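J.: Turn this into a structure:
(chains A, B and C)
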Amino acid sequence: MLIKNAWYIAAWGHEVGEQLLARTICNEEIVLFRDRETGKAAALLDRCCHRGTPLRFGEVVGAGVQCGYHGMVFDCSGTCVAIPGQKTIPAQAKVRAFPLVEKDEFLWIWPGDPEKADPTLIIDYPWHNDYAKWPHKHATYHIKANYMLMVDNLMDLTHLGYVHKTTIGGNPKVHVDAQMTVTPKETGLHFMRWMLESSPPPSYTKAVQFQGEKVDRWQEFEYFAPGSIVQWSGALDVNRGAQDNREQEGGFQLRLFHGLTPETDNTCFYFWSTGNGYKQDDPQATEALFGEIDRAFKEDKAIVEGQHAMLAKTGDQNLVDIVSDRARVHMRRTVKRLLDAEAVG
Amino acid sequence: MLIKNAWYIAAWGHEVGEQLLARTICNEEIVLFRDRETGKAAALLDRCCHRGTPLRFGEVVGAGVQCGYHGMVFDCSGTCVAIPGQKTIPAQAKVRAFPLVEKDEFLWIWPGDPEKADPTLIIDYPWHNDYAKWPHKHATYHIKANYMLMVDNLMDLTHLGYVHKTTIGGNPKVHVDAQMTVTPKETGLHFMRWMLESSPPPSYTKAVQFQGEKVDRWQEFEYFAPGSIVQWSGALDVNRGAQDNREQEGGFQLRLFHGLTPETDNTCFYFWSTGNGYKQDDPQATEALFGEIDRAFKEDKAIVEGQHAMLAKTGDQNLVDIVSDRARVHMRRTVKRLLDAEAVG
Amino acid sequence: MLIKNAWYIAAWGHEVGEQLLARTICNEEIVLFRDRETGKAAALLDRCCHRGTPLRFGEVVGAGVQCGYHGMVFDCSGTCVAIPGQKTIPAQAKVRAFPLVEKDEFLWIWPGDPEKADPTLIIDYPWHNDYAKWPHKHATYHIKANYMLMVDNLMDLTHLGYVHKTTIGGNPKVHVDAQMTVTPKETGLHFMRWMLESSPPPSYTKAVQFQGEKVDRWQEFEYFAPGSIVQWSGALDVNRGAQDNREQEGGFQLRLFHGLTPETDNTCFYFWSTGNGYKQDDPQATEALFGEIDRAFKEDKAIVEGQHAMLAKTGDQNLVDIVSDRARVHMRRTVKRLLDAEAVG
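T.: Down below sits the predicted model:
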């Protein structure tokens, strides 16, 4: 069961240009392209209404997308504007168009009822537009798991001590003992974790030189249902008052955007970007941060794909929630509420 | 839904010899071999009646095919003629045999009711026997699509301008504007296309040196339901009276045989041969022609496989027929009539 | 349909140590490991009861297996003994444990009702503990076939003349004409085959130098339902009285253990070991014997996988039993009786 009436990331803006880009999103076969005249990106069903041929085999022409089989042309709204050898275009000659909005380097798509697509619901991620203060880099993973398992992963950070021991994790006890405040929100939830007087994990000490051995470390997450998570993490030496002011020189901080987009019920795309908030003038630091996160997130991918395969074989009965599942359980409740609302219509 | 009571190409004659050749045809598991004594090719179900082992693991012996597991032997009619260690052969010890006829370099198989297999229904392709006038070369493709989509492809030649732009196609407008005459036949249909005063496509100008820039170009197709198409294409310089006499020196012409054989509902074999009718004494010309056609047909394979995959995912509802679909629609009606007749029995 | 209430080989003892070993057995997802303190091997369901993550992603710790996702720990009985960040462990926090017994270099597992798991039912294979007299070597194959087809294979040895012509088989007629005595047993069956005054097969003459050209050759098999077969084969020169005393100098003899363990309904593991009973002081002979058997058994694997694929496509109707199927038919009846008994409960 996938939520269709929602904004998901379909692609990074730069991925879509003159070349057609085909991608399955929420079980819909989609083709993305950019209008030659206006430069506006568009999303159509990747299926010519003539013989069902994927439009990805065609090409972008002045008037829209031309099917590569018999040459029919469709504009950004999916309306057929040309049929070779034929003057009259029948009214039923059209393909479905999906609402698509470009914002903050993302292309956001609405796979559900277009009548309900309200662009004001799209979240803001202003840090993507601020290269001076937040130089960043991004990646896309294809994950063989239901997207909810990836959101689960991000809602229970005690996994850092086990899955990411050698990267962004560090000592498991630090994560288990973290102070955590969960705040429900209309659009999802917010949580704040403080690991005061803790040893920084390997990725942090690789990135910056702390003065002492202990830091005050934070992880601030905001979850926007169903698939977006905005993260701000970092650490400052103890006694620098991190809890009052996190944006001080000499500390470590990063911003992460996590966008989970269902491809099918059993697969998803993980669009993520990471911004360097500690050595903004050093492109090497941005690269190194990206490399470190990339290594860690591939650890998540591996274990979540294993989890998905096991649940697909054995079902999800008899699972036991534990204390660290608080945010995850809240998240799941939010998603269930949205699914129920969508079922009612 | 596949038509079983029909002759399909099972293999090229030269493919079948001492070695057993296993091939799925119309969802039947078939093994082909040539009788050692008579040289006659035969087709049996590729399944020993003892323990279900594929006969392809065995070998051709004097009396027929010997199963490679426990040694039972079956003759060309599928009758068991030897059981190791046993004198009496029970009546039920036999495997199904399929009618098989060798003709014009093809092995034609009848996957349906053997009682209805009438060899006089097999079409003639005499050009395969005329190496002097029609030197030829052939290929077999395995296509991940229902065979009907490949027949569709050959019934609407407006695709040449889009799919085969750089090979046998040329300018799309030429194809769209072609004069086309479709003639229904009892066994299928015939169509004739003339592209008068048109620019020859890249494959043609590579093959011969026309006098001027414009040619009269033709495509003559005869479709024999369900899977055979006989084609004669060519071009002569304008003003040479091509419409009255196509077989003149200095022009370009080729013959093509297209045989589509269902493997399963979702896959098929495409047996095709192309004959050089313009430089018969030049083996290089035959090779070059074959190479050009091969390149073009792989373009068809790619787009038709994409189309099949899309239709498999999304169904075939809401497709819109256009003017260029005339022959295709007629072909589909013929096939539907045969399927309905077969369902009645 | 698989028999669950039975002992099957899960692994060779040496395969299981500090590293977790995941294996599907009778459609159950299993993880095997060895307790750090006691050295005892254990088998748990490979699925953490928290979020369904495969335990194979975790590691063996002092108290048992620690899940690699959020750190829960389970002991050899599947009881959860630690939940990070939580003092109380709920009663339902446990994973299923499977009876596992180590004996004669095997790890025997009982995938069914643990209440019925009686270790005294496990067969003896003392030759694994006698390296002086029976130096041996083993292998594990993954076979894409129902395990019954592999047992079938071993119950009808007339296949040796066809499948193993160039290895352990030899002349088909020898096998067809073998004297064979089948004796039903409570736990399966026993059969004895004598091929008196026969030519030894290639594998035998490679291994030892017989005095003459003819040997008395035997194959003694005992089948223990559902998946174990104990074999003793060999040959002595004629006139040495092999039928009275098989253990004489200068002959050839080997012992084979065949253990078939269902992975799923369509796949199985073939655990086999072969012991050198003719040149015990020559490690090269043990290697050579192993190599010869390995080559022959891969011939079985190929044909049985082909057989399985064909039966999966075409069903098992209309198969015809022949005289050489005597032991096989008896074996199948035994298995059916066990399946019926299990269905009743």
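J.: all contacts plus neighbour counts: C-alpha atoms, from now on.
T.: OK.
J.: tell me the domain ranges of chain A?
T.: A:8-121, A:126-344 (automatic domain parsing).
J.: Among those, which comes closest to chain C?
T.: Closest to chain C of the domains of chain A is domain A:126-344 (C-alpha to the nearest C-alpha; 4.2 Å).
J.: can you give me the mean pLDDT across the closest one?
T.: On average, the pLDDT along domain A:126-344 is 94.
J.: That one and chain B, any residue contact?
T.: No. On the criterion C-alpha under 8 Å from any C-alpha of the partner chain, domain A:126-344 is out of touch with chain B, staying 12.0 Å away.
J.: Reformat the domains of chain A as JSON lines; add distance to C:Y223.
T.: What follows is these, written out as JSON lines (distance: least, C-alpha to C-alpha, whole Å):
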{"stretch": "domain A:8-121", "distance to C:Y223": "51"}
{"stretch": "domain A:126-344", "distance to C:Y223": "33"}
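J.: now the ones you listed in JSON lines, with mean neighbour count?
T.: Converted to JSON lines, the domains of chain A look like this (neighbours: other C-alpha atoms under 10 Å in any protein chain shown):
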{"stretch": "domain A:8-121", "mean neighbour count": "20"}
{"stretch": "domain A:126-344", "mean neighbour count": "19"}
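J.: And those domains: which comes nearest C:I9?
T.: Closest to C:I9 of the domains of chain A, according to C-alpha to C-alpha: domain A:126-344, at 22.5 Å.
J.: The closest one: end-to-end distance?
T.: 34 Å (C-alpha to C-alpha, to the nearest Å).
J.: now swap in stretch A:64-75 and tell me
T.: 4 Å.
J.: same question for it, mean pLDDT?
T.: 97.
J.: And that stretch, how far out from the chain middle?
T.: 31 Å (C-alpha atoms, centre = their mean, to the nearest Å).
J.: ok, which stretches of the stretch 151-300 of chain A are strands?
T.: A:179-185, A:188-198, A:215-224, A:228-237, A:252-264, A:267-276 (DSSP state E, counting those that start in this stretch).
J.: Rebuild the domains of chain A as a markdown table, extending it with distance to chain C.
T.: Converted to a markdown table, the domains of chain A look like this (distance: least, C-alpha to the nearest C-alpha, whole Å):
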| stretch | distance to chain C |
| --- | --- |
| domain A:8-121 | 24 |
| domain A:126-344 | 4 |
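J.: Out of the ones you listed, the one nearest B:A11 is which?
T.: So among the domains of chain A, domain A:8-121 is nearest, using C-alpha to C-alpha, at 29.3 Å.
J.: how much space between the spatially closest residue to A:V61 that is not a sequence neighbour and C:L289?
T.: Among residues not flanking A:V61 along the chain, A:R36 sits closest, at 7.1 Å (C-alpha to C-alpha, 6 or more residues apart in numbering or on different chains). Remark: distance between A:R36 and C:L289 (C-alpha to C-alpha) = 71 Å.
J.: same question, A:P200
T.: 58 Å.
J.: Repeat that for A:Y131.
T.: For A:Y131, the distance to C:L289 - C-alpha to C-alpha - is 69 Å.
J.: Repeat that for A:G52.
T.: A:G52 sits 60 Å away from C:L289 when distances are taken as C-alpha to C-alpha.
J.: And for A:R56?
T.: Counting by C-alpha to C-alpha - A:R56 and C:L289 are separated by 58 Å.
J.: A:H159 now?
T.: 50 Å.
J.: again with A:N318
T.: 50 Å.
J.: Contacts only, for A:L189.
T.: A:V182, A:T183, A:E222, A:Y223, A:F224, A:A327, A:H330, A:M331 (C-alpha atoms under 8 Å, 6 or more residues apart in numbering or on different chains).
J.: Which two of these have the greatest separation?
T.: A:V182 and A:F224 (13.7 Å).
J.: Could you identify the longest helix within chain A?
T.: helix A:283-314 (DSSP state H).
J.: and that helix, what does it pack onto?
T.: strand A:136-143, helix A:147-155, helix A:202-207, strand A:267-276 (3 or more C-alpha pairs under 8 Å, 6 or more residues apart in numbering or on different chains; DSSP states H and E).
J.: outside of the helix or strand just after that helix, which residues touch it?
T.: Note on helix A:283-314: by DSSP states H and E, the next helix or strand toward the C-terminus is helix A:326-344. By C-alpha under 8 Å, 6+ apart, the surrounding residues in contact with helix A:326-344 are A:1-3, A:5, A:152, A:155-156, A:182, A:184, A:188-189, A:191, A:223, A:225-226.
J.: Same check on stretch A:14-23?
T.: In contact with stretch A:14-23 (C-alpha under 8 Å, 6+ apart) are residues A:10, A:29-34, A:36, A:41, A:46, A:56, A:58-60, A:105, A:263.
J.: For the stretch 51-200 of chain A, which segments count as helices?
T.: A:147-155, A:160-163, A:172-176 (DSSP state H, counting those that start in this stretch).
J.: C-alpha coordinates for the shortest one, CSV please?
T.: Taking Å, rounded to 0.1, in the frame of the first residue of the first chain, the C-alpha atoms of helix A:160-163 are listed here in CSV:
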residue,chain,number,x,y,z
LEU,A,160,24.2,3.8,14.5
GLY,A,161,26.2,2.0,17.2
TYR,A,162,25.7,-1.4,15.4
VAL,A,163,25.4,-0.7,11.7
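J.: Please name every helix or strand in contact with it.
T.: Looks like helix A:160-163 contacts helix A:172-176 (3+ C-alpha pairs under 8 Å, 6+ apart).
J.: next one: the longest one
T.: Applying 3+ C-alpha pairs under 8 Å, 6+ apart, we find helix A:147-155 packed against strand A:252-264, strand A:267-276, helix A:283-314, helix A:326-344.
J.: could you check the angle strand A:267-276 makes with the longest one?
T.: It refers to helix A:283-314. 160 degrees (axes from the mean of the first three to the mean of the last three C-alpha atoms, to 10 degrees).
J.: tell me the angle helix A:283-314 makes with strand A:136-143.
T.: 20 degrees.
J.: Just give the nearest non-adjacent residue to the residue of the stretch 151-300 of chain A found nearest chain B, would you?
T.: In the stretch 151-300 of chain A, the residue that lies nearest chain B is A:T264 (12.0 Å; C-alpha to the nearest C-alpha). Of all residues not flanking A:T264 in the chain, A:N27 sits nearest, at 4.9 Å (C-alpha to C-alpha, 6+ apart).
J.: Contact partners for the one you found?
T.: So A:N27 contacts A:P262, A:E263, A:T264, A:D265 (C-alpha under 8 Å, 6+ apart).
J.: before we move on, what about A:Y141?
T.: Counting by C-alpha under 8 Å, 6+ apart, A:Y141 has contacts A:F269, A:Y270, A:F271.
J.: quick one, phi/psi of the residue in chain A positioned nearest to chain B?
T.: With C-alpha to the nearest C-alpha, the shortest gap between chain A and chain B falls at A:T53, namely 4.3 Å. Main-chain torsions, A:T53, degrees, to the nearest 10: phi -70, psi 140.
J.: ok, now how distant is the closest residue to it other than its chain neighbours from B:K144?
T.: Excluding the flanking residues, the one nearest A:T53 by C-alpha to C-alpha, 6+ apart is B:Q307, at 4.3 Å. B:Q307 is 10 Å from B:K144, where distance means C-alpha to C-alpha.
J.: ok, now A:D316?
T.: For A:D316 relative to B:K144 (C-alpha to C-alpha), the value is 36 Å.
J.: what do you get for A:T187?
T.: Counting by C-alpha to C-alpha - A:T187 and B:K144 are separated by 45 Å.
J.: Could you do A:G306 as well?
T.: A:G306 is 30 Å from B:K144, by C-alpha to C-alpha.
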